[in-house]
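Visitor: Just to be clear, the model below is a prediction. Sequence and coordinates:
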Amino acid sequence: MDKLDRSILYHDTDSIIYASDGTNDPPLGNFLGEFTDELDGDEIATFVSGGPKNYAYLTKSGKMCCKVRGFTLNYENSKKINFERMVSLVRNMDREEKIAINNPCKITRDVKRRKVINKEETKMYKIVYEKRVIQEDLTTLRYGY
């Protein structure tokens, strides 16, 4: 991560998304601890993050990917939380706007009766930037950088 420094756009426990300049690419491999190319040669054209474990990207080939921890992005939910919506929320820096995501058939356990049941669940999505400092150009830096 030291070699990639400010080119890192996002990182998690087991992944790094970074802006490549052709000279900073870490070597790829198939073994534990080595980097792999999860896009099979495609490249990310646009990347946006709404906070930890909360990002979306558009590749040069046109593939869109959106990941948000705690939300199942099925067909209906993807109409509400998607690449375009996340870009809009981040560009406007709207930390107050919330998107309600309804799951009518959440499978859960009833511990007292020892049964598995379906119940309706509604979660609220919003962007969260509490672990980084936001710059005027919307890039972020870790605290203490």
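Guide: It's in.

Visitor: what's the nearest residue to the residue most central in space within the chain if we skip its chain neighbours?
Guide: The residue lying closest to the centre of the chain (Cα atoms, centre = their mean) is Tyr55, at 2.1 Å. Nearest residue to Tyr55, sequence neighbours excluded (Cβ to Cβ, 6 or more residues apart in numbering): Ser49, at 4.2 Å. Yep, even glycine has a C-beta here, placed from its N, CA and C like the rest.

Visitor: ok, and what's touching stretch 15-22?
Guide: With contact meaning Cβ atoms under 8 Å, 6 or more residues apart in numbering, stretch 15-22 is reached by 1, 4, 7-11, 24, 35, 38, 43-44, 47, 55, 57.

Visitor: I'd like to know which of those residues is nearest to Lys123.
Guide: Among those, Tyr55 lies closest to Lys123 (Cβ to Cβ), at 17.7 Å.

Visitor: contacting residues around the closest one?
Guide: Counting by Cβ under 8 Å, 6+ apart, Tyr55 has contacts 10, 17, 47-49, 66-67, 86.

Visitor: Looking at those residues, which one is closest to Lys112?
Guide: Lys67 (34.1 Å).

Visitor: what's near enough to touch the closest one?
Guide: By Cβ under 8 Å, 6+ apart, the contact set of Lys67 is 53-56, 73.

Visitor: try it again with 10 Å
Guide: By Cβ atoms under 10 Å, 6 or more residues apart in numbering, the residues touching Lys67 are 12, 49, 53-57, 73, 81.

Visitor: got the buried residues for the helix or strand harbouring it?
Guide: Using DSSP states H and E, Lys67 maps to strand 64-68. By 16 or more other Cβ atoms under 10 Å, the buried positions in strand 64-68 come out as 66, 68.
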